[in-house]
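> Need a 3D model of the following:
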Amino acid sequence: MAETLKTDSFEMRYSKFGEGEKIFVIIPGISLKSVLNSEGAVIRQYKKIAANHTCYLFDRITKFPQEYSVKQMAEDTAAAMQKLNIKNAVVFGTSQGGMIAQSIAINHPELVSKLVLASTASRINEKAKNIFDSWVLYAKTKPVQELISLFVSDVYSEEFCETYKNALISILSDATEEEISRFTIMSDACLGLSTYDELEKIKCPTFVLGSKQDKLFDMQTQTELAQKLGAQTFFYDNLSHGFYDEDRHFVEKILDFVNA
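Just a heads-up that it's a prediction; the model follows:
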């Protein structure tokens, strides 16, 4: 069951599951609704890792400021980890969560023993900027169903969309004004991302996963991140940005890296 962590500056919801002395931290990407609403599905997805790790799934803070940078998200997540006495953890971030994870590894290396980055970037090129701008525009001006349709099409493969897009529109179409506002602020935050020039500060072993068909971050963006980090890599041929929702076996790839 999700819990709420409180500091002097913020509140943040998180979930803790699994067993073991080793710590595995999950930082999700942008979503219209909190990933903790699907806590049970996440626990099932990561059950092989949870067999030997205590896992923490972190949300963003509960109350967003009007402007909330990726760097500040990382500082807040690091503060939450410190509050829970987490250190030397395997930190896994997807998409914007991967951006947050990079910043934590740069500025709080004692918190990270290994870093796993999925479908993410260290800087935003024009193609990605146009997609984030479109999300923000739709969030501010279009019915929520159109926003969801655009988001799903940008994030997932055509095959996945054919099967699940209508269901996701149905599930997410009751998003509140606050949830849409949070989505907008998170999307805006990506536009200011710039960790590329600091990546050499990351000294821990790193694993970069991605897809050759990612519509958001092209292969140049993904490979420059991996090369700068000297990271182990795996790139899917046919999946898209959200491969971590499409391939149930991707966790095994992470486990191989963690256990190496």
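
> Make sure L32 is actually in contact with S181.
No: contact criterion C-beta atoms under 8 Å: L32 and S181 do not qualify, at 10.9 Å. (C-beta placed from N, C-alpha, C; glycine too.)

> Could you check which of these two has the larger neighbour count?
Neighbours per residue, other C-beta atoms under 10 Å: of L32 and S181, the larger number sits with L32, 20 against 14.

> any idea how far F160 is from that one?
17 Å (C-beta to C-beta, to the nearest Å).

> same thing with S187?
Distance check for S187 against F160: by C-beta to C-beta, it reads 21 Å.

> okay, those two: which has more neighbours?
The residue with more neighbours, out of S187 and F160, is S187; 21 against 18, by other C-beta under 10 Å.

> so what's that one up against?
S187 is in contact with 30, 132, 135-136, 139, counting by C-beta atoms under 8 Å, 6 or more residues apart in numbering.

> Which parts of the stretch 101-250 of the chain are strands?
Here the stretch 101-250 of the chain has its strands, by DSSP state E, counting those that start in this stretch, at 112-118, 206-211, 232-236.

> In a markdown table: the ones you listed, plus mean neighbour count, mean pLDDT and distance to Y46.
Formatted as a markdown table, the strands of the stretch 101-250 of the chain follow (neighbours: other C-beta atoms under 10 Å; pLDDT from 0 to 100; distance: least, C-beta to C-beta, whole Å):
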| stretch | mean neighbour count | mean pLDDT | distance to Y46 |
| --- | --- | --- | --- |
| strand 112-118 | 24 | 98 | 12 |
| strand 206-211 | 25 | 98 | 15 |
| strand 232-236 | 17 | 98 | 17 |
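
> Can I get those strands in JSON lines including distance to D59?
Putting those into JSON lines (distance: least, C-beta to C-beta, whole Å) gives the following:
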{"stretch": "strand 112-118", "distance to D59": "18"}
{"stretch": "strand 206-211", "distance to D59": "22"}
{"stretch": "strand 232-236", "distance to D59": "27"}
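
> Quick one: closest of those to K48.
Proximity to K48 (C-beta to C-beta) singles out strand 112-118 among the strands of the stretch 101-250 of the chain, at 14.1 Å.
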